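A.B. asks: based on what follows, work out the 3D shape:
(chains A, B, C and D)
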Protein chains: 2
Amino acid sequence: MDSSPVSSAHAYSGRVTISDVAKALGIAKGTVSRALNNYPDISETTRQRVRRKAELMGYRPLAQAQAIRTGRSRAIGLVLQTDIAGAQRPFLSDFLAGVSKTASDASWTLTVAMSAGGDEMISTMTRLIDERKADGFIVPRTFCIDPRAELLRRLNIPFVLYGRLQDIGESAWFDILGEDAIHDAVVRLAEHGHTRIGFINGGREYNFSALRYGGFKQGMAKVGLKVDDDLVVHDAMTTEAGAASTLRLMQHAQPPTAIVFAVDVAALGAYATAAELGLTIGQDLSVISYDGLPECAWVQPKLTSFRVDNKMAGGRLADLLIRHVRGEAPSTLRETAKAMLWPGGSDGPPCRTSSDIARHVRALRN
Amino acid sequence: MDSSPVSSAHAYSGRVTISDVAKALGIAKGTVSRALNNYPDISETTRQRVRRKAELMGYRPLAQAQAIRTGRSRAIGLVLQTDIAGAQRPFLSDFLAGVSKTASDASWTLTVAMSAGGDEMISTMTRLIDERKADGFIVPRTFCIDPRAELLRRLNIPFVLYGRLQDIGESAWFDILGEDAIHDAVVRLAEHGHTRIGFINGGREYNFSALRYGGFKQGMAKVGLKVDDDLVVHDAMTTEAGAASTLRLMQHAQPPTAIVFAVDVAALGAYATAAELGLTIGQDLSVISYDGLPECAWVQPKLTSFRVDNKMAGGRLADLLIRHVRGEAPSTLRETAKAMLWPGGSDGPPCRTSSDIARHVRALRN
DNA sequence: GATCTTGCCGAAACCGGTTTCGTAACCGAA
DNA sequence: TTCGGTTACGAAACCGGTTTCGGCAAGATC
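C.D. replies: This is a model prediction of the structure:
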């Protein structure tokens, strides 16, 4: 709350208003408004005349002023979560760049808020909505059951999901087909000759984890391998968790010769574990992952991963949201894209058998 | 530009307006406004009564409506640059979290735009200013001569720099004392017993590079070492550049036994070069860097670095900007903070002499 | 007791847009 | 020529706030 009525008066009042344009043309400002907004009761001649003059004078409507009447200020809301251990950190820059570029090109702006999860996030969103700081929202990293989506749906605010929901309802969304990538990863490993393939999944609360697990199972079925539940671990969303999960799999009586990871940050943990166990990634243990973080190229050997184009994703999401706000039906606003294989040196034909590795690990334990 | 006058009419008009509050109290809406904005001509009794009622009814002023009269919409503008190779990528999430949190607590919002450098960035900013989407700006990653600062200064728009300028003028700013950190890094290395210390600096266009170079020279003077210009490289802002610069220093006739880096991303490149040359980081070659990226902990041995608390920085910047917009004089809005040493295993007493390393590198070359 | 302040508030103008409503001018048809 | 219907625009209301202005009532001054 401000504590003083005094203003700093940094005026910058050189703006051209709609009245200026109207006066310059000798017509009513309402007419100018309708002309610029394509009302049907304006003659084509006048419309063109107004357009040209406005352009010439450099008139740009004040979004704020439009908003108080129309309720819309051409702003995209994006609410990010802070408390997840760096979960979206690496994507963020590209993602924002994509959203911002598309928004900018349409003369929209981007309002960003970050907050801890749960109630705080909901209250942040409601504040943005109450103050009409956003006409609609992009909801990234969707949970299986997502309170943000429920809130927005209840309030009838347009939104677009980055990711899908279990109960998709009427929602608009964009998503990368992670399940296909995981499927392809399994196939690639099988082609290398692997038969013991593990899977280290992401957090159960995220919807993508269920999808990627599905992709893993389908891939295994495709190549005629049975899924061994002992070789599947869930909830690895950090490098530490990835390392621990890898260790657990490698200590199995019949360890995998290859592991598919649902997310890169977890996969990077495998390097530490492999080093600890005296195993060479890419030879003793093949790893394929998903996300395509720049960090994949920093480790030795480079991590083979399915790269997600987050800039493109941001752009598509912004486009879908803008169209949604403009009135298109959400069920027509759904898109998918594919992740692209980024081959590194972390996968290849198995150099040792599962039993061989088991012996090695057992020996090390003493 | 919209192509249709039809609206989607997702009303959500359950808002409490100032008129609602006025009617409920039986007073004029102007009185309510003045009461809430601490005008001196409102009695304390009335002020309290209005406050309470507004709170109770859940009244929240529409920033847009306020803006058209006051010119201020309680929005912080942040314009980021996309085309710099991932330059701000790792910081971004924490930084945004800090800005957003502080803004939120003051009922402000954050408008983010990303654009390529130069003209595009300027036009993005002018659009935001013309449409009054931001009351002031945070200008991160300041260049020695910064066109953004010049624009804002010319238009008389409040802004706060993250970093300092050569020509600081009347500007408000916040900065981390990188020069002190670099100074301390040199001292630390000297205490380890190093006498040949190199410095790999960041891009010349950034103001911080000049400052950190100054810190390096002061540190060397402090410990009584002469700066050898051959052991100083500039413009290393990527891992690749860092690797190349390291190689260059190590091929010197009298290579350094320790290198100080201005930025982590460059320092990470030293690992690849060291591996190539058969040198062990932390033993044959000590490295200390600056930024404190999470990636420092991913490499072996962990990179000793001066950690910058970007979340705190974001918060401080937001606070300074808000105060600036509210009218405080920019020259009173200047703060600094210190980076904190994050010891890893990448520095220690030299295991080999400079001449020894030189022989080793020469031998390898054949 | 009359006048002058002063404190406090209501009324209305205003900000820059959008939208409704009314009507002059033009059209074709009777 | 008259009439009903369009077409195309002006005028004014409106959105939700802020700010100016003017005046009433209570207290202070003489």
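
A.B. asks: where do the helices sit along the stretch 151-300 of chain A?
C.D. replies: A:178-192, A:207-222, A:239-250, A:264-277 (DSSP state H, counting those that start in this stretch).

A.B. asks: could you dump the ones you listed into JSON lines with mean pLDDT and mean neighbour count added?
C.D. replies: Backbone N, C-alpha and C define where each C-beta goes, glycine included. Shown next, in JSON lines, are these (pLDDT from 0 to 100; neighbours: other C-beta atoms under 10 Å in any protein chain shown):
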{"stretch": "helix A:178-192", "mean pLDDT": "97", "mean neighbour count": "22"}
{"stretch": "helix A:207-222", "mean pLDDT": "96", "mean neighbour count": "20"}
{"stretch": "helix A:239-250", "mean pLDDT": "95", "mean neighbour count": "22"}
{"stretch": "helix A:264-277", "mean pLDDT": "93", "mean neighbour count": "22"}
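
A.B. asks: can I get those in JSON lines including distance to chain B?
C.D. replies: Shown next, in JSON lines, are the helices of the stretch 151-300 of chain A (distance: least, C-beta to the nearest C-beta, whole Å):
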{"stretch": "helix A:178-192", "distance to chain B": "21"}
{"stretch": "helix A:207-222", "distance to chain B": "19"}
{"stretch": "helix A:239-250", "distance to chain B": "7"}
{"stretch": "helix A:264-277", "distance to chain B": "7"}
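
A.B. asks: mind checking which of those helices is nearest DNA strand C?
C.D. replies: helix A:207-222 (36.7 Å; C-beta to the nearest atom of the strand).

A.B. asks: returning to that earlier point: who wins for proximity to A:Asp94 among the helices of the stretch 151-300 of chain A?
C.D. replies: Closest to A:Asp94 of the helices of the stretch 151-300 of chain A is helix A:264-277 (C-beta to C-beta; 13.9 Å).

A.B. asks: returning to that earlier point: now tabulate the helices of the stretch 151-300 of chain A in TSV and tack on distance to DNA strand C.
C.D. replies: Below are the helices of the stretch 151-300 of chain A laid out as TSV (distance: least, C-beta to the nearest atom of the strand, whole Å):
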stretch	distance to DNA strand C
helix A:178-192	41
helix A:207-222	37
helix A:239-250	50
helix A:264-277	45
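
A.B. asks: pretty sure A:Phe199 is touching A:His234, no?
C.D. replies: No. Contact criterion C-beta atoms under 8 Å: A:Phe199 and A:His234 do not qualify, at 9.1 Å.

A.B. asks: if I look at the two, which residues touch both of them?
C.D. replies: A:Tyr213 (C-beta atoms under 8 Å, 6 or more residues apart in numbering or on different chains).

A.B. asks: so the two - more neighbours on which side?
C.D. replies: Set side by side, A:Phe199 and A:His234 show more neighbours around A:Phe199, with 29 against 17, by other C-beta atoms under 10 Å in any protein chain shown.

A.B. asks: for the more buried one, give me its contacts.
C.D. replies: A:Ile182, A:Tyr213, A:Phe216, A:Val227, A:Leu231, A:Val232, A:Val233, A:Ile259, A:Val260, A:Phe261, A:Ala262.

A.B. asks: and which of those residues is nearest to A:Pro294?
C.D. replies: A:Phe261 (16.5 Å).

A.B. asks: what's the distance between the closest one and chain B?
C.D. replies: 16 Å (C-beta to the nearest C-beta, to the nearest Å).

A.B. asks: gap between that residue and A:Ile182?
C.D. replies: Counting by C-beta to C-beta, to the nearest Å, the gap from A:Phe261 to A:Ile182 is 9 Å.

A.B. asks: any shared contact partners between these two?
C.D. replies: Shared contacts of A:Phe261 and A:Ile182, counting by C-beta under 8 Å, 6+ apart, come down to A:Phe199, A:Tyr290.

A.B. asks: which SS class is A:Arg72?
C.D. replies: coil (DSSP: H, G, I helix; E, B strand; the rest coil).

A.B. asks: quick one, grab the pLDDT at it.
C.D. replies: The per-residue pLDDT reported for A:Arg72 equals 90.

A.B. asks: next one: the one 5 residues further on
C.D. replies: The predicted local confidence for A:Gly77 comes out at a pLDDT of 96.

A.B. asks: kindly report the same for A:Arg365.
C.D. replies: 77.

A.B. asks: what is the burial count for it?
C.D. replies: 8.

A.B. asks: excluding chain neighbours, what is closest to it?
C.D. replies: A:Gln251 (7.9 Å; C-beta to C-beta, 6 or more residues apart in numbering or on different chains).

A.B. asks: neighbours of the one you found, how many?
C.D. replies: 14.

A.B. asks: list the contacts for the spatially closest residue to A:Gln218 that is not a sequence neighbour?
C.D. replies: Nearest residue to A:Gln218, sequence neighbours excluded (C-beta to C-beta, 6+ apart): A:His183, at 5.3 Å. The contact partners of A:His183, taken as C-beta under 8 Å, 6+ apart, are A:Gly215, A:Phe216, A:Gln218, A:Gly219, A:Lys222.

A.B. asks: let's see it at 10 Å
C.D. replies: A:177, A:212, A:214-223, A:260 (C-beta atoms under 10 Å, 6 or more residues apart in numbering or on different chains).

A.B. asks: a markdown table for those, including distance to DNA strand D?
C.D. replies: Shown next, in a markdown table, are the contacts of A:His183 (distance: C-beta to the nearest atom of the strand, whole Å):
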| residue | distance to DNA strand D |
| --- | --- |
| A:Leu177 | 43 |
| A:Arg212 | 45 |
| A:Gly214 | 47 |
| A:Gly215 | 48 |
| A:Phe216 | 52 |
| A:Lys217 | 53 |
| A:Gln218 | 52 |
| A:Gly219 | 55 |
| A:Met220 | 57 |
| A:Ala221 | 57 |
| A:Lys222 | 57 |
| A:Val223 | 61 |
| A:Val260 | 53 |
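
A.B. asks: out of those residues, what pair is the most spread apart?
C.D. replies: So, the contacts of A:His183 by C-beta to C-beta: farthest apart are A:Leu177 and A:Val223, at 18.8 Å.

A.B. asks: show me which residues of chain A are close to DNA strand C?
C.D. replies: Residues of chain A lying close to DNA strand C (C-beta under 7 Å from any atom of the strand) are A:13, A:15, A:17-19, A:29-30, A:33-34, A:36-37, A:39, A:41, A:59, A:61-62, A:65-66, A:68-70.

A.B. asks: where does pLDDT dip in the stretch 1-150 of chain A?
C.D. replies: By pLDDT under 70, the low-scoring segments of the stretch 1-150 of chain A are A:1-13, A:83-90.

A.B. asks: sorry, back to before: which among the helices of the stretch 151-300 of chain A is found nearest to B:Lys23?
C.D. replies: helix A:207-222 (46.0 Å).

A.B. asks: out of the helices of the stretch 151-300 of chain A, which is closest to B:Ala54?
C.D. replies: Across these, closest to B:Ala54 is helix A:207-222 (C-beta to C-beta), at 40.2 Å.

A.B. asks: which of the contacts of A:Phe199 sit farthest apart?
C.D. replies: Of all pairs in the contacts of A:Phe199, the most separated under C-beta to C-beta is A:Val227 and A:Phe261 at 15.8 Å.

A.B. asks: okay, the two: which has more neighbours?
C.D. replies: A:Phe261 (31 against 17).

A.B. asks: which residues touch that one?
C.D. replies: By C-beta under 10 Å, 6+ apart, the neighbours of A:Phe261 are A:182, A:185, A:198-202, A:212, A:233, A:236, A:242, A:245-246, A:267-270, A:287-291, A:303, A:305.

A.B. asks: let's see 8 Å
C.D. replies: Residues near A:Phe261 by C-beta under 8 Å, 6+ apart: A:Phe199, A:Ile200, A:Ala236, A:Gly242, A:Ala267, A:Ala270, A:Val287, A:Ile288, A:Ser289, A:Tyr290.
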